[in-house]
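Student: Pasting the sequence and the predicted coordinates here, then a few questions.
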Amino acid sequence: MTLFRSLLPSESLRSLRSGDISLDRTATVGAGQMLFLYGGTNDHFASYSRVHELESIDNGQGWANLTALRHARLSSSAQMLSLFVPNTATCLSDLYPLPLDRVPTPGWEEMRRLLKDDTGVMFCDDLFEASLPANRFESSPWQLTDSHWSDYGSLLVANSVLRRVAVAPLEFRWIECEPQFIAGDLGSRFGDTAGMQVVRQVACDLPTPRCVFDSGGGSLDGASMGRRVEWECQEAPIDASMLVVGNSFSGTGLCRNHLVYWFSRLFRRTIFLHAASLPTDVVDAYRPDIVLFQGLERFMRLVPVDDYTAQQCEAVYEAPHE
């Protein structure tokens with residue numbers, strides 16, 4: 001059975017059977033105690049179904065057109081990159097407890113086909129490679145009990161982005177750490193004790209950034225559409241600014257498995273905006289040298305429109321109540 005040395009399942013998680021589905025039908029249990037999304041607002045399992053194939057392909061075409069327009073719009077004023085993150089089930093389909101008709105989803109395949117010649121578009125090939133059965137035994141790029149990648153997976157993708165902008169990738173090492181229990185957004189669906197122990201993590205020799213603005217006040221709350229976080233790092237090796245527009249995979253930079261965690265230590269200035277749209281005034285509002293848009297396969301069922309200013313995108317954020 002597949003086990004990951006860095007992530008050890010709790011006794012409660014071990015007691016779950018492959019194919020079990022949480023009471024709210026959000027999560028399901030795969031092989032090796034790997035938890036996956038099942039339903040939820042993204043209709044996750046059904047997105048791989050042939051029933052929705054034509055709709056998924058249409059959405060892939062819509063995303064491809066939107067991405068091409070974004071790159072054309074910004075190419076003269078900033079370096080524009082688009083990074084698309086695959087679903088966990090796409091990368092670990094052999095562990096998913098139910099048959100998946102099409103892997104990846106048809107929309108993902110269509111978008112990749114249409115954008116194959118655009119050097120500014122990335123589809124996380126290094127993440128796919130690290131997720132292969134032969135490569136995942138020592139350390140998985142995915143968390144056991146969470147729908148997000150691990151710190152290792154996040155660093156792999158961060159290094160992919162660095163290579164694309166002609167910067168040497170980060171060197172890292174593994175260090176043992178005090179066991180840290182994490183329920184994760186999927187483990188919590190099966191109870192407070194269904195989680196994992198993190199016993200090893202990646203480490204890099206990087207300067208510590210300073211958070212100079214956070215509309216969320218340092219909250220670790222995951223529901224944060226419209227939230228903006230800005231980091232400065234005077235000792236950063238790259239004297240440039242990066243704006244990351246994305247979701248919880250990019251994250252605020254407060255957690256090790258956020259892309260922004262690594263970028264905030266590498267760039268003199270790093271801004272994160274949690275949004276699905278790229279603001280119409282993105283360059284004037286944030287003055288970035290590099291704009292990175294990060295999308296996600298399971299969010300491709302909806303194609304956004306770039307009709308909103310930075311102020312309008314940020315205005316939808318509601319800070320969590322204390």
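Tutor: All right, it came through fine.
Student: and the nearest residue to Leu74 once chain neighbours are set aside, what are its phi and psi?
Tutor: Leaving out its chain neighbours, the residue that sits closest to Leu74 by CB to CB, 6 or more residues apart in numbering is Met80, at 4.3 Å. In short, each C-beta sits where N, CA and C put it, glycine included. According to degrees, to the nearest 10, the main-chain angles of Met80 amount to phi -110, psi 130.
Student: for Phe249, same thing?
Tutor: The phi/psi pair for Phe249 (degrees, to the nearest 10) reads phi -70, psi -40.
Student: State the number of residues packed around it.
Tutor: Residues near Phe249, counting by other CB atoms under 10 Å, number 22.
Student: which one is it nearest to, not counting chain neighbours?
Tutor: Leaving out its chain neighbours, the residue that sits closest to Phe249 by CB to CB, 6+ apart is Val85, at 5.2 Å.
Student: so what's Tyr286 up against?
Tutor: 241, 243, 271, 273, 310 (CB atoms under 8 Å, 6 or more residues apart in numbering).
Student: List the residues that contact the fourth one.
Tutor: What that stands for is Leu273. By CB under 8 Å, 6+ apart, Leu273 lies in contact with 227-228, 243-246, 279, 286, 310, 313-314.
Student: and if we set it to 7 Å?
Tutor: Contacts for Leu273 (CB atoms under 7 Å, 6 or more residues apart in numbering) come out as 228, 243, 245, 313.
Student: which SSE is it in?
Tutor: Using DSSP states H and E, Leu273 sits in strand 267-274.
Student: Return the backbone torsion pair for the closest residue to Trp108 other than its chain neighbours.
Tutor: Of all residues not flanking Trp108 in the chain, Glu297 sits nearest, at 5.1 Å (CB to CB, 6+ apart). Phi and psi for Glu297, reported as degrees, to the nearest 10, are phi -60, psi -40.
Student: Surely Glu297 is in contact with Cys91?
Tutor: No - taking contacts as CB atoms under 7 Å, Glu297 lies outside contact range of Cys91: 9.8 Å.
Student: Strands along the stretch 101-250 of the chain, start to end?
Tutor: Per DSSP state E, counting those that start in this stretch, the stretch 101-250 of the chain carries strands over the ranges 121-122, 173-182, 196-203, 210-214, 228-232, 238-246.
Student: Show residues contacting the second one.
Tutor: Under the contact criterion CB under 7 Å, 6+ apart, strand 173-182 has outside partners 145, 195-203.
Student: likewise the shortest one?
Tutor: Here strand 121-122 makes contact (CB under 7 Å, 6+ apart) with 67, 81-83, 115, 160-161, 164.
Student: so which pair among these is furthest apart in space?
Tutor: The largest separation in these, counting by CB to CB, is between Thr67 and Ser160 at 17.1 Å.
Student: I'd like to know how many residues surround the nearest residue to Ser219 once chain neighbours are set aside.
Tutor: Nearest residue to Ser219, sequence neighbours excluded (CB to CB, 6+ apart): Pro320, at 5.3 Å. Close neighbours of Pro320, defined as other CB under 10 Å, add up to 12.
Student: From Leu220, how far off is Pro320?
Tutor: Pro320 sits 9 Å away from Leu220, going by CB to CB, to the nearest Å.
Student: helix/strand/coil for Cys313?
Tutor: Here Cys313 is helix, with the state taken from DSSP: H, G, I helix; E, B strand; the rest coil.
Student: and Leu114, how many neighbours?
Tutor: 17.
Student: Likewise for Glu171?
Tutor: If you count neighbours by other CB under 10 Å, Glu171 ends up with 8.
Student: and Asp20, how many neighbours does it have?
Tutor: Asp20: 15 surrounding residues under other CB under 10 Å.
Student: who touches it in this structure?
Tutor: Asp20 touches 28-29, counting by CB under 7 Å, 6+ apart.
Student: pLDDT wise, what is it at?
Tutor: As predicted, Asp20 sits at a pLDDT of 97.
Student: Repeat that for the one 10 residues further on.
Tutor: Note for Gly30: predicted pLDDT of 97.
Student: Could you find the closest non-adjacent residue to it?
Tutor: Nearest residue to Gly30, sequence neighbours excluded (CB to CB, 6+ apart): Leu95, at 4.3 Å.
Student: you'd agree the one you found is up against Gln33?
Tutor: No - using CB under 7 Å, Leu95 is not in contact with Gln33, being 9.6 Å away.
Student: so for the longest helix seen in the chain, what's the average pLDDT?
Tutor: In the chain, taking DSSP state H as the definition, the longest helix is helix 53-74. If you average the pLDDT over helix 53-74, you get 96.
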